[in-house]
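Asker: After the sequence you'll find the predicted model.
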Amino acid sequence: MSNEDTATAKQDNFQSWFMDKLLIGMTWPEYLRKLITPFNMVAAAILSVGLPLIVIRFVQGLASVTDASNDYPWGILLGWGLFSGVPLSATGFVMATAYYIFGFKRYHSLVRLGVLTGFLGYLFAVIYLLTDLGRPWRIYFPMAVGFGTASVLFLVAWHVATYLTVQLLEFSPAILEWLKARRVRKWATMITIGMTIAGIILSTLHQSALGAMFLLAPGKMHPLWYSQYLPVFFLSSSIYAALAMVIVVSTLGATFLRDKTDHNFLSNLDPLTIGLGKGAAVGIYVYFALKLIGVAHDDHWNLLNTPYGHWFIVEMLCFVLLPGLIFSLGVKKQSAGIVRLAAFSAVLGIIVNRINVSTIAFNWQLTDHLHHIIPPWKEAMIVLAIFTLHVLIFRWILNRMPVLREHPDYTESH
Amino acid sequence: MNDKSHEPVSRDKTTGAQPGGDGTEQRKSSGINRRAFLGTVATIGGVAMIGSGGLARASEDFSGYPNSYGLLTDLTACVGCRSCEAACNKENGLPKPETPFDDVSVFEKTRRPDAHAYTVVNRYENPKDKSMPIYRKVQCNHCKEPACASACPIHAYSKTPEGAVRYDENLCFGCRYCMIACPFGVPAYDYSSALEPKIVKCTMCYETRVKHGKITACAEACPAGAITFGKRDELIKIARNRIEKNPDKYVDHIYGEHEAGGTNWIYLSGVPFEQVGFPTNVPNKPPIELTKGFLSSVPLVFTIWPALFGMCYAAVRHQDEVCDEKVASQKKKEEGK
């Protein structure tokens, strides 16, 4: 064989690899044509406005795009991206623990989806954080330059960084199956149990640490949202948040990426959804009870009949108890549809709670409070753009790697 | 280290405070800066245990550096001339303000320290006598156990034995958690800088003055004797003395004596402090106490969880094995038939 021949063979090999892996078996023209969908047009429109705004933020400073102020240093970039994003990404830890440690073997088809949701959720929480940090290029400082060991945020920084790595390792078998790296995959699966237990340690600590961060500011938080139990509230709500989020993501996957699922995934989805709903209902009732204990412990009943108290009641009844009741109804009627409705409302409830803690209850006593609640359009656009990227990357992976389906070569190895 | 100093202490600027010799001497006698030392211990622990090292520092009782300096603002003496603002601006080389320092129109709005001003003076209506408004100077209170320092994940804040709470922008990545944590809402951020944004707050003129034995620029500039520089312990005595001698003039409270675990900048007022914008719901214990319990659980979780969840895993495996054995023996029986 001449040199030329090997060169062309190599090129062909690469071309077929490229087409197979990245273009999902299509040629460039086919692939590009397939990209023209209404959803992608909307996404492109959002990104074409949002990405330049992110550039402006880095060239001209935070003041050019956000209304972050001296009184309200944290806005929706963190309220949404970090404080809501992290509990909704507890999916990896909750599903892996349920499956590998507690032996809920029937949930196999949802474990990988949970791990991927968690991994991308943390990755994007970090991206929101990098956008919000004054000097993001110093992100590694808590790990290498200065050790603020008395700080709860120091713990969060270390844990999020470590856990991101852990989740990448947990998800790596899917990547390696996609790349057909059989031997490395075997190595990667050997550390599963260790990684899962590391995930439990890191998750229980940093989920609660996000709540503990606000413990430092008792005078500035509204007393109905401030409690010494904040770490427990944040941890306990993250568990049902994860179960609800797995229902939400699997529903979206089964609806919009049906051709990427397999029979096993689809046929098990409804009963598994109801099972997850049962767990989420219990989780919500536990959380609701804990919140009541919080009010009782500080004897804040008298504050319930104030404007902020009314909003607290709305949060507790409409965004916590109601999703719980819908979950119970769905379980009782064995209706996956009702459970899905409950899951969407529970996810919304988590976002409401985290925004309440980080934005609405914070510095509530200042005159003019609440003027900052509606973010400026540029900040909202940046959040929307990052969220769009999140969805696109999620879809990119689901389209390629065996997540909603099992890889035919590896079905035996559960 | 514990010696109660009896040497004459500064009363106000006219008697001339001379912090220098004493402060540096005390620093030497303490040998190592306590925080720096414990910080190093904590660092080693922190790398090993990821976060639990904080306990090394947090679990000790710390009632503030003895012989540290502080300032006493007497709101009944302040005339609202803003000389302190001007002196602070000059001392720290801050940009010229939009409205000059002799322009009283700034009092129409309540202001707060920001990226261009370490300190501001606000005007409040006097409930006792409307013709005599009350002025209040706002700046960092230099807490004995600062919340900002407890919040900072990179140790950008430090408390000096002289009493100043210092911030090092070289150690800051701009998370602004210190701004969330400060019970007095003091640290400001210059959001308009893209490349070098930093926290801005009063330094107690540490680098330029206090370290070299001089009193702060604002105290030196005050023509009304409203700002007194001196040893914190002495300032408390002075403040208490003033209240005792003029019980009708002052409310019976020294703001900052106990708030947030005590601050090095303390205040006297003729009207209740909440009427002149002081946060009065600040707990008396140092903020770090509020997160101590949580942080102390960290090493426990690291130690107990692997065993606990490892056991859960073992239990499930065991059950599987028992199940498999049953199935196998049943199969054998059937085959035997």
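Answerer: Everything's here; your move.
Asker: which residues of chain B score low on pLDDT?
Answerer: B:1-62, B:337 (pLDDT under 70).
Asker: just checking, what's the longest helix in it?
Answerer: helix B:298-336 (DSSP state H).
Asker: Could you list the buried residues of that one?
Answerer: In terms of neighbour count (16 or more other C-beta atoms under 10 Å in any protein chain shown), helix B:298-336 has its buried residues at B:298, B:299, B:301, B:302, B:305, B:309, B:312, B:313, B:316. Where you see a C-beta, it was placed from the backbone N, CA and C, and this is true even at glycine.
Asker: mind listing what the last one touches?
Answerer: Shown in contact with residue B:316 (C-beta atoms under 8 Å, 6 or more residues apart in numbering or on different chains): A:101, A:102, A:103.
Asker: Before we go further, the last one is sitting in a helix, right?
Answerer: The one in question is residue A:103. No. The assignment for residue A:103 is coil, going by DSSP: H, G, I helix; E, B strand; the rest coil, so no helix is present there.
Asker: Report the contact partners of it.
Answerer: Contact partners of residue A:103, counting by C-beta under 8 Å, 6+ apart, are B:316, B:319, B:320.
Asker: how close does residue A:161 sit to residue A:85?
Answerer: As judged by C-beta to C-beta, to the nearest Å, residue A:161 and residue A:85 stand 15 Å apart.
Asker: Over to residue A:70?
Answerer: Relative to residue A:85, and taking C-beta to C-beta, residue A:70 is found at 25 Å.
Asker: Those two - which one has more neighbours?
Answerer: residue A:85 (26 against 19; other C-beta atoms under 10 Å in any protein chain shown).
Asker: close enough to count as contact, the more buried one and residue A:124?
Answerer: Yes. Between residue A:85 and residue A:124 there is a contact under C-beta atoms under 8 Å: 6.3 Å.
Asker: which residue ranges form the strands in chain B?
Answerer: Taking DSSP state E as the test, the strands found in chain B are B:69-74, B:120-124, B:134-138, B:157-159, B:165-167, B:188-189, B:199-200, B:227-231, B:265-268.
Asker: Give the pairing partners of the second one; include direction for each.
Answerer: In other words, strand B:120-124. strand B:134-138 (antiparallel) (DSSP bridges).
Asker: For the spatially most central residue of chain B, which non-adjacent residue is closest in space?
Answerer: When chain B is reduced to its mean C-alpha position, the nearest residue by C-alpha atoms, centre = their mean turns out to be residue B:146, at 2.6 Å. The shortest distance from residue B:146 to any non-neighbouring residue, by C-beta to C-beta, 6 or more residues apart in numbering or on different chains, is to residue B:165 (4.9 Å).
Asker: Next: residue A:106.
Answerer: residue A:272 (6.7 Å).
Asker: What values do phi and psi take at the one you found?
Answerer: Dihedral angles phi and psi of residue A:272 (degrees, to the nearest 10) take the values phi -70, psi -40.
Asker: what about the stretch 51-200 of chain A, any weak spots by pLDDT?
Answerer: Checking the stretch 51-200 of chain A against pLDDT under 70 turns up nothing.
Asker: quick one: the helices in it?
Answerer: Shown for the stretch 51-200 of chain A, the helices assigned by DSSP state H, counting those that start in this stretch span residues A:76-81, A:85-88, A:91-96, A:108-132, A:141-144, A:152-178, A:182-190, A:192-212.
Asker: Give me the helices and strands touching the last one, please.
Answerer: Using 3 or more C-beta pairs under 8 Å, 6 or more residues apart in numbering or on different chains; DSSP states H and E, the elements in contact with helix A:192-212 are helix A:85-88, helix A:91-96, helix A:152-178, helix A:230-256, helix B:288-296, helix B:298-336.
Asker: Over to the fourth one?
Answerer: Counting by 3+ C-beta pairs under 8 Å, 6+ apart, the packing neighbours recorded for helix A:108-132 are helix A:76-81, helix A:85-88, helix A:91-96, helix A:152-178, helix A:230-256, helix A:263-297, helix A:377-400.
Asker: Return the nearest residue of the stretch 51-200 of chain A with respect to chain B.
Answerer: residue A:134 (2.0 Å; C-beta to the nearest C-beta).
Asker: Tell me, how many residues neighbour that residue?
Answerer: 25.
Asker: residues in contact with it?
Answerer: Residues near residue A:134 by C-beta under 8 Å, 6+ apart: A:62, B:172, B:173, B:174, B:175, B:176, B:189, B:191, B:197, B:198.
Asker: Look at residue B:245 and say how many residues are nearby.
Answerer: Residue B:245, neighbours per other C-beta under 10 Å, totals 9.
Asker: right, and residue A:156 touches residue A:208 too?
Answerer: No. Between residue A:156 and residue A:208 there is no contact under C-beta under 8 Å: 10.1 Å.
Asker: Give me the common contacts of these two.
Answerer: Common neighbours of residue A:156 and residue A:208 (C-beta under 8 Å, 6+ apart) do not exist.
Asker: what number of residues lie near residue A:180?
Answerer: 12.
Asker: wait, residue A:286
Answerer: Residue A:286: 15 surrounding residues under other C-beta under 10 Å.
Asker: what about residue A:304, distance to chain B?
Answerer: 19 Å (C-beta to the nearest C-beta, to the nearest Å).
Asker: What values do phi and psi take at that residue?
Answerer: Phi and psi for residue A:304, reported as degrees, to the nearest 10, are phi -70, psi -30.
Asker: what's the helix or strand for the nearest residue to it once chain neighbours are set aside?
Answerer: Leaving aside its sequence neighbours, residue A:304 sits nearest to residue A:313 (C-beta to C-beta, 6+ apart; 6.2 Å). According to DSSP states H and E, residue A:313 maps onto helix A:307-316.
Asker: Tell me what angle that helix forms with helix A:263-297.
Answerer: 150 degrees (axes from the mean of the first three to the mean of the last three C-alpha atoms, to 10 degrees).
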